[in-house]
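Asker: Predicted model follows, preceded by the sequence.
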Amino acid sequence: MEIKWTELSSLNDWALTLKRMLGEAEKAIKADDRTAKENTKKLLLEFSRRAPFKLRETAVNASIDLSNSIIDDAIEAIAGRNEDLLKLVGEIKDTTSDVKNAEELISFQVKRIMEGLDYMGKTVVILQEVQKDLGDKNADLSNKVKSVLDSVQQLHTVAKSFKAEVVNAKPA
Amino acid sequence: MDYTKTMRMRSPFLLVGAWPLACLTALALLVGGCVSLPNLQGFADETSRMSLAIQKGYVQGESALARVDTARARKLKRVWKPTQDALTALVAYSDALASLSNKANDNAKGAAAFAGKFQKVTGYLQGVLPLSGIGSGEVSRLVEIAARQLILIKAQKTLSAAVRESQPVMEQIVKIIDLNLAELAMIHSEVMEQQISRNWLKYSGISAVYEAKMDENKKGLNELAAIAKYRSQRKRAFLEEIELMAGPDSTLTKRLEDRERLLTAQTRTADEAIKGFDGAYKDYQKINTDLTDQMTQGRALVDNGRLALGAWIRTHDGLSESLSMRQSFSLRELATVVQGIEQVYEFYNQGPAPARPTNIAR
């Protein structure tokens, strides 16, 4: 819509122009045409600055109606993207959980290695005792050997998992 | 029967106990160069600051809307929640990366203690099971290297995969947040324009009269000053200035006196009118200035938030490359842009502005 502001002189000229603008505003809202709404709103605001006092309020109110319609469009546009956004956020939350789990896993593995070393230490001490006992043919020999085997068994388990870690760990 | 020998030959310890050591040695030798993880705490901190700064921009927009339309403000708050959740998810994600990196680095530092413990055990071992050719000190060093590398490699693999695989998802998230921020900027501008228009309409009668009277007064005073100068210096240039051109001197003097009386009366009337409208006009100007400032601030906050998101996704991409290529990465762009948002916010909150929201720190 083109307006030649300098050609508007009488109150009637201004009133007719305002009427045309209101028609354009109504069309823009019905067509849900955001660009047309913005353009008509700008014209109405310019009109309100230039027009006789009596017509200003109508122009300002019409521009505010268009402005509210533009705000509604913006809110709807945000809402329209929310489903996709929530889905993507879910994916990032999963990745975050994976990273947290990896952190816990590393802590757990370090703990396991330390435990393995403890078992290994205990086993060695028992083995030393067994060596000594074997020389004396002690009656508790079988029980002690059993303890050794239990400890070594535990060590075996830890060592197996540790081996798997070592084998699987390669730089990314 | 030599039980000692039998035990030594059959003990699973001999079978099991030897190869973890061999594996450690192999790993230590295989890895060779040290894996090091970048410090991701800075990235996590900047992500948190960016999220907070963007949220401040949002609060500014929502508060402005709530002042003119509470129903629409509630609706905006409801639809904005997933965007806020997305920003929170970015913070949680970057915190998790930093936490894993910190933990791995800390554990790697603790590898010396681990190796010390191992040395103690191998010391025992050598008393029972001779480990030919390897002293416990050497074993300890190998264990320390292997343990450190094992921890760092695992963390690096996890971080590298997480960052690389999430990059396309992050790009989509950032794009949506950016579009939503553009909508927010539009909403904020509309709200502020509505308020500026309402303010203008409310004061348009007063301001028109006030500005006309000010103009009239200024012109009258200029003319009076020119008459006074003419009287003292009798210069033709002043006559031109007051638009009273040639004629007989006596007529000119009379005309000057008449003009002077008229102007004095007019400026007095204008002065009174100005004084009457002065308070209202100043109110109008103050509100208008505040609203314009808020509109500028809202726009600047949102624009900077969008710039920060762009810098964030580029930094994330750089981080992905850094983890896979084992290179350093730069936070400079992100840190600078985030600081920019904070400065905009601080700048506009320094001066008195009663209409501005006070509940920013939600």
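Answerer: Here it is on my side, so go on. Treat the numbers as computed from the prediction; the structure is a model and nothing was measured. Numbering: from 1, shown residues only, chains lettered A, B, ... in the order given.
Asker: use CA for all of it now, contacts and neighbours both
Answerer: Noted.
Asker: Could you give me the buried positions within stretch B:317-334?
Answerer: For stretch B:317-334, burial by neighbour count (16 or more other CA atoms under 10 Å in any protein chain shown) applies to B:317-324, B:326, B:329, B:331, B:333-334.
Asker: cool, stretch B:161-170 as well?
Answerer: B:161, B:162, B:163, B:164, B:166, B:167, B:169, B:170.
Asker: again with stretch A:118-129
Answerer: A:118, A:119, A:120, A:121, A:122, A:123, A:124, A:125, A:126, A:127, A:128.
Asker: average model confidence for the helix or strand where the second one lies?
Answerer: Spelled out, it's residue A:119. Under the criterion of DSSP states H and E, residue A:119 resides in helix A:53-136. For helix A:53-136, mean pLDDT is 85.
Asker: Which other helices and strands does it contact?
Answerer: helix A:11-31, helix A:34-50, helix A:141-168, helix B:3-10, helix B:70-109, helix B:111-128, helix B:136-233 (3 or more CA pairs under 8 Å, 6 or more residues apart in numbering or on different chains; DSSP states H and E).
Asker: re the thing from before, which of the buried residues of stretch B:317-334 are close to chain A?
Answerer: Taking CA under 8 Å from any CA of the partner chain, the overlap between these and the neighbourhood of chain A is residue B:324.
Asker: Who's the closest spatial neighbour of the residue most central in space within chain A, skipping the chain neighbours?
Answerer: Taking CA atoms, centre = their mean, the centroid of chain A lies closest to residue A:89, which sits 3.9 Å from it. Leaving aside its sequence neighbours, residue A:89 sits nearest to residue B:86 (CA to CA, 6 or more residues apart in numbering or on different chains; 5.7 Å).
Asker: My read is that the one you found contacts residue B:173, right?
Answerer: Yes: in this structure, residue B:86 is within contact of residue B:173 by CA atoms under 8 Å, at 7.3 Å.
Asker: Quickly list what's touching both of the two.
Answerer: A:85, A:89 (CA atoms under 8 Å, 6 or more residues apart in numbering or on different chains).
Asker: that older thread, near chain A too, which of the buried residues of stretch B:161-170?
Answerer: Answer for the buried residues of stretch B:161-170 near chain A (CA under 8 Å from any CA): B:162, B:166, B:169, B:170.
Asker: Dump those into a markdown table; add distance to residue A:68 as well.
Answerer: Below are those laid out as a markdown table (distance: CA to CA, whole Å):
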| residue | distance to residue A:68 |
| --- | --- |
| B:162 | 43 |
| B:166 | 38 |
| B:169 | 34 |
| B:170 | 32 |
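Asker: Is it possible to get those residues out as JSON lines so that each row also shows pLDDT?
Answerer: Output for these, formatted as JSON lines (pLDDT from 0 to 100):
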{"residue": "B:162", "pLDDT": "90"}
{"residue": "B:166", "pLDDT": "93"}
{"residue": "B:169", "pLDDT": "96"}
{"residue": "B:170", "pLDDT": "96"}
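Asker: For the stretch 251-362 of chain B, what lies in contact range of chain A?
Answerer: So the stretch 251-362 of chain B meets chain A at residue B:324 (CA under 8 Å from any CA).
Asker: What residue in the stretch 251-362 of chain B comes nearest to chain A?
Answerer: In the stretch 251-362 of chain B, the residue that lies nearest chain A is residue B:324 (6.5 Å; CA to the nearest CA).
Asker: Sticking with that residue, tell me its helix or strand.
Answerer: For residue B:324, the element it lies in under DSSP H and E is helix B:249-325.
Asker: Show me what that helix is packed up against.
Answerer: Looks like helix B:249-325 contacts helix B:41-68, helix B:136-233, helix B:332-350 (3+ CA pairs under 8 Å, 6+ apart).
Asker: so which of those helices is the most packed in?
Answerer: Greatest average neighbour count among the helices and strands packed on helix B:249-325 goes to helix B:41-68 (a mean of 22), per mean count of other CA atoms under 10 Å in any protein chain shown.
Asker: List the residues that contact residue B:47.
Answerer: So residue B:47 contacts B:90, B:91, B:94, B:312 (CA under 8 Å, 6+ apart).
Asker: And the first one, how far from residue B:162?
Answerer: It stands for residue B:90. With distances taken as CA to CA, to the nearest Å, residue B:90 is found 13 Å from residue B:162.
Asker: So residue B:201 versus residue A:53, what's the distance?
Answerer: 9 Å.
Asker: Residue B:54 too?
Answerer: Taking CA to CA, one finds residue B:54 at 41 Å from residue A:53.
Asker: Next up, phi/psi of residue B:331, please.
Answerer: Phi and psi for residue B:331, reported as degrees, to the nearest 10, are phi -100, psi 0.
Asker: Just the buried positions in stretch A:28-41, please.
Answerer: Quick answer for stretch A:28-41 (16+ other CA under 10 Å): A:28, A:29, A:34, A:36, A:37, A:38, A:40, A:41.
Asker: Please apply the same query to stretch A:88-104.
Answerer: Neighbour-count burial for stretch A:88-104, with 16+ other CA under 10 Å as criterion, is recorded at A:88, A:89, A:91, A:92, A:93, A:95, A:96, A:98, A:99, A:100, A:102, A:103.
Asker: cool, and stretch B:300-312?
Answerer: Going by 16+ other CA under 10 Å, stretch B:300-312 has these buried residues: B:300-312.
Asker: which residues touch that stretch?
Answerer: With CA under 8 Å, 6+ apart, stretch B:300-312 has contacts from B:47, B:50, B:53-54, B:56-58, B:174, B:178, B:181-182, B:184-185, B:333-334, B:337-338, B:340-341, B:344-345.
Asker: again, but for stretch A:89-105
Answerer: By CA under 8 Å, 6+ apart, the surrounding residues in contact with stretch A:89-105 are B:85-86, B:89-90, B:92-93, B:96-97, B:99-100, B:103-104, B:155, B:158-159, B:162, B:166, B:169-170, B:173.
Asker: if we can go back for a sec, what is the nearest of the buried residues of stretch A:118-129 to chain B?
Answerer: Nearest member of these to chain B, counting by CA to the nearest CA, is residue A:121, at 5.2 Å.
Asker: Low-confidence stretches in the stretch 51-200 of chain B?
Answerer: B:108-147 (pLDDT under 70).
Asker: and residue A:58, what does it touch?
Answerer: Contacts of residue A:58 by CA under 8 Å, 6+ apart: none found.
Asker: Could you measure from the residue lying closest to residue B:197 once chain neighbours are set aside over to residue A:5?
Answerer: With CA to CA, 6+ apart as the criterion, residue B:197 has its nearest non-adjacent residue at 6.7 Å, and that residue is residue A:60. Using CA to CA, residue A:60 is found at 17 Å from residue A:5.
Asker: neighbour count winner among these two?
Answerer: Using other CA atoms under 10 Å in any protein chain shown as the criterion, residue A:60 and residue A:5 rank with residue A:60 on top: 23 against 13.
Asker: right, and that one touches residue A:46 too?
Answerer: No: look at residue A:60 against residue A:46 with CA under 8 Å: they stay out of range, at 9.4 Å.
Asker: returning to what we had before: what's the angle between the helix holding residue A:119 and helix B:70-109?
Answerer: 30 degrees (axes from the mean of the first three to the mean of the last three CA atoms, to 10 degrees).
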